[in-house]
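From the sequence below, what's the structure:
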Amino acid sequence: MNKISTDIFVISNPSQAKLNELDVFNWSIWEKEISEFSWMYGEAETCYFLEGDAVVTPNNGTPVKIGKGDLVTFPAGMSCTWKINQTVTKHYQFG
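Numbering: from 1, shown residues only. Now for the predicted structure:
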């Protein structure tokens, strides 16, 4: 049986070179108002926060605070709860 990782990987204020290398600014944009909801990642997601403030808590894991300027990777198979404290705008890419 495979163990699902609950590790959320965050790079705060990555370099412009890193963002360009990933082609972040050509990814789709997602926006979400203040809310709380459950989510399950069917595949890994990498995203770059343009605005906002949120806490993502993996089921049976440690809460992770994320927001503007953070480059975040969520692992495939992770179930979690999102608590958005300030409207989030982010570029994102799955896979």
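
Remind me which helix or strand the residue most central in space within the chain belongs to.
The centre of the chain sits closest to V72, judged by CA atoms, centre = their mean, with a distance of 4.6 Å. Applying DSSP states H and E as the criterion places V72 in strand 70-74.

Need the contact partners of stretch 46-58.
6, 8, 14, 19, 22, 24, 27, 29-30, 63-74, 78-93 (CB atoms under 8 Å, 6 or more residues apart in numbering). Heads up, the C-betas are built off the backbone N, CA and C, glycines and all.

before we move on, back to that, and the residue nearest to the centre of the chain, how far is that from K32?
Distance of V72 to K32, given as CB to CB, to the nearest Å: 14 Å.

do the same with T89
T89 is 8 Å from K32, by CB to CB.

Restrict the strand holding V72 to CA atoms and write it as PDB.
Taking C-alpha atoms only, strand 70-74 is exported to PDB below (Å, rounded to 0.1, in the frame of the first residue of the first chain):
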ATOM      1  CA  ASP A  70       4.300  31.900  -2.000                       C
ATOM      2  CA  LEU A  71       5.100  29.200  -4.500                       C
ATOM      3  CA  VAL A  72       3.300  26.100  -3.200                       C
ATOM      4  CA  THR A  73       3.200  22.400  -4.200                       C
ATOM      5  CA  PHE A  74       0.400  20.200  -2.900                       C
END
